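Asks: Quick one: sequence and predicted model below, then my questions.
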Amino acid sequence: MTDTSITRRGVIAATAAAAAISATGTAAFAADAQTVFITGSNRGIGLEFVKQYAGKGWNVIATTRSPDKADELKKVAAAHKNVVIEQLDVANNASVDALAAKYKGKPIDLLINNAGITGDFMNPKPQTFGTLDHNDVDNFMHTNALGPLKVTEAFYENVKLGKGKKIVAVTSLAGSFGAKFGGGIPGGYWYKISKAALNAAMVNVSMDAAKDGIIVTLLSPGTVRVEKIGNAKMPGLIEPVESIGGMIKVIDGLQPSDAGQIIRYNGERQPY
């Protein structure tokens, strides 16, 4: 990806962000309920987080890069008055800053950095050594690592105002050195590198956040059957309901000693 294309995408995303920040608001939010902010809410893991937290009675700020295309998310929001949809491109600083300005001064109890990209499962060549597409690396890094860091910084004061004081980021076994990058499975260079960078960023943030009583940790969801996987048969594959249910249980039980750790959906610690 060229610098010109990155700039053009930034301008487009910023314009869309400004146009989208309008009618959703927080008027339907219950004053006595906790609030969760979720990135990448339009499908897969993020969508399931929205469903389960909405079902638990939380106020849910569900963000997605393209709300107009988020049909399933809109169905959830239509069924739950405690869900509000906001436009957010985590890879675009202007988009993040615009939404942060809208929510300035509003407490957020839990921030979930879920938005991320894996690449095309059907075409592994761009992430395979010998055929690496180096034009892709910026997109992976901005979405999977730098984006979550920017979102965390932009909404940090909101979390300080909340009672829950928890920030989590969805990582992957593929980004763990101790697990030989996803159990030693080759390929996936940009995804693995970006998730390793995410781990480093959030561990660093966890140390800075400790003084404010905020717990920052990383969650590993397991191998989840999401849209890109479809009906493919893979070892250890689990359904979103199980993965997200497990991660929510982990989040509920987070203690200061869990800060900076990588915790799997089943409560096990994952190596760095």
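Replies: Sure thing, it's come through.
Asks: What ranges in the stretch 151-272 of the chain fall below the confidence cut-off?
Replies: Residues of the stretch 151-272 of the chain that meet the criterion pLDDT under 70 lie in 180-184, 225-236.
Asks: run the last query once more with 90
Replies: 173-186, 222-239, 271-272 (pLDDT under 90).
Asks: Helices along that one, start to end?
Replies: Under the criterion DSSP state H, counting those that start in this stretch, helices of the stretch 151-272 of the chain are mapped to 156-161, 180-183, 189-209, 240-252.
Asks: what would the ones you listed look like in CSV with distance to N113 and mean neighbour count?
Replies: Every C-beta, even on glycine, is put in place using the N, C-alpha and C of the backbone. CSV is the format used below for the helices of the stretch 151-272 of the chain (distance: least, Cβ to Cβ, whole Å; neighbours: other Cβ atoms under 10 Å):
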stretch, distance to N113, mean neighbour count
helix 156-161, 12, 18
helix 180-183, 20, 16
helix 189-209, 8, 20
helix 240-252, 12, 19
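Asks: T64: which of the ones you listed is closest?
Replies: Closest approach to T64 among the helices of the stretch 151-272 of the chain is made by helix 240-252 (16.2 Å; Cβ to Cβ).
Asks: That closest one - contacts with which helices or strands?
Replies: In terms of contacts (3 or more Cβ pairs under 8 Å, 6 or more residues apart in numbering; DSSP states H and E), helix 240-252 is packed against helix 44-55, strand 166-170, strand 215-220.
Asks: Could you tell me the angle between the last one and strand 166-170?
Replies: So the one you mean is strand 215-220. Angle between the axes of strand 215-220 and strand 166-170 is 20 degrees (criterion: axes from the mean of the first three to the mean of the last three Cα atoms, to 10 degrees).
Asks: partner strands of strand 215-220, parallel or antiparallel?
Replies: Looking at strand 215-220 with DSSP bridges, its partner strands are strand 166-170 (parallel), strand 262-264 (parallel).
Asks: Need the residues that contact the last one.
Replies: Put plainly, it is strand 262-264. 171, 176, 199, 217-222, 246, 250, 269-272 (Cβ atoms under 8 Å, 6 or more residues apart in numbering).
Asks: Now which of those would you call buried?
Replies: Buried members of those, scored by 16 or more other Cβ atoms under 10 Å, are 171, 176, 199, 217-222, 246, 250, 270, 272.
Asks: Relative to D258, which of those is nearest.
Replies: Checking the buried ones among the contacts of strand 262-264 one by one against D258 (Cβ to Cβ), the nearest turns out to be T217, at 5.2 Å.
Asks: Out of the helices of the stretch 151-272 of the chain, flag the one nearest L47.
Replies: helix 240-252 (7.7 Å).
Asks: Now for the residue lying closest to L132 once chain neighbours are set aside: which residues touch it?
Replies: In space, L132 comes closest to Y189 once its chain neighbours are excluded; the distance is 6.0 Å by Cβ to Cβ, 6 or more residues apart in numbering. By Cβ under 8 Å, 6+ apart, the residues touching Y189 are 127-129, 132.
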